[in-house]
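> compute the structure for the input listed below.
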Amino acid sequence: MSEQMIQRIIGRIMRIVNRDLKVFGEIAQDEKANTEAIVLVVVASFLAALGTARSFGGFVLVLIMGIVVNWLLWSWVISFIGTQFLKIEAEFWPIARIMGYASIPMAFALLSRIQCIAWLGAVISLLTLVLAFFALREVLRQTTERTLILVGGSWAVVIVITVILAILRAAAAIIA
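Presented below is the predicted three-dimensional model:
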């Protein structure tokens, strides 16, 4: 990872913190930002796994779920719902890039290790949803209502898939 990439990531994060939503449009158009998004998702998922997992197996599971389900699957579901149901242009990689940046709050799940603020996980998830909402509304140029449908609907689909995977994992553990 080059120093230039790190500076670009930090600059974009600072713009997000300062509520400069135009940065999401730039990220969506910048194919070089694929690597940035991957780095951000891996780091956020790693920190979330450190904060929430109670075993090595749990750590690996949280890390993989953060990358595969929370980022890649959610980006794909957003693209699918957007194109198939809302009839908007929503290509996978531009969506994945902005969702990578929208996943930054998940890094704060590391703080869930501290017992008195373990409830922070719910706030972090909500913050991620809010950031995803603003990013998608900016990039896809949709109304608030349509963006809420897209974010809420896609998140609901990902939750259902996550629950199904958890049930299958539990069933496999019982059988084994």
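> can you list the weak-confidence ranges in the protein?
Low-confidence segments of the chain, defined by pLDDT under 70: 118.
> next, the residue nearest the centre of it: phi, psi?
The centroid of the chain falls nearest to S103 when counting by C-alpha atoms, centre = their mean (3.7 Å). The phi/psi pair for S103 (degrees, to the nearest 10) reads phi -80, psi 0.
> secondary structure class for I88?
The three-state label for I88, taken from DSSP: H, G, I helix; E, B strand; the rest coil, comes out as coil.
> and it, how far from F133?
To F133, I88 is 15 Å away according to C-beta to C-beta, to the nearest Å. In this view, the C-beta of every residue, glycine as well, is placed from N, C-alpha and C.
> cool, and V39?
With C-beta to C-beta as the criterion, V39 and F133 are 23 Å apart.
> and the lengthiest helix in the chain, what's buried?
In the chain, taking DSSP state H as the definition, the longest helix is helix 144-175. When burial is assessed from 16 or more other C-beta atoms under 10 Å, helix 144-175 yields the following buried residues: R146, T147, I149, L150, V151, G153, S154, W155, V157, V158.
> can you tell me the closest non-neighbouring residue to the second one?
Just to be clear, that refers to T147. Nearest residue to T147, sequence neighbours excluded (C-beta to C-beta, 6 or more residues apart in numbering): R137, at 4.2 Å.
> got the contact list for stretch 4-17?
In this structure, residues lying in contact with stretch 4-17 by C-beta atoms under 8 Å, 6 or more residues apart in numbering are K22, V23, F24, E26, I27, T35, E36, V39, L40, Y101, I104, L131.
> now swap in stretch 112-119 and tell me
Against stretch 112-119 from outside (C-beta under 8 Å, 6+ apart): L50, G51, T52, L111, L120, G121.
> ok, back up a step: which helices and strands sit right next to the helix or strand containing the residue nearest to T147?
In this assignment (DSSP states H and E), R137 forms part of helix 120-140. Secondary structure elements in contact with helix 120-140, counted by 3 or more C-beta pairs under 8 Å, 6 or more residues apart in numbering; DSSP states H and E, are helix 22-29, helix 92-102, helix 144-175.
> ok, the residue nearest to T147 touching L131?
No - taking contacts as C-beta atoms under 8 Å, R137 lies outside contact range of L131: 10.9 Å.
> check contacts around V60.
Here V60 is in contact with A49 (C-beta under 8 Å, 6+ apart).
> with Y101 instead?
By C-beta under 8 Å, 6+ apart, the residues touching Y101 are R12, I13, I16, V23, F24, I27, E36, A37, L40, L131, A135.
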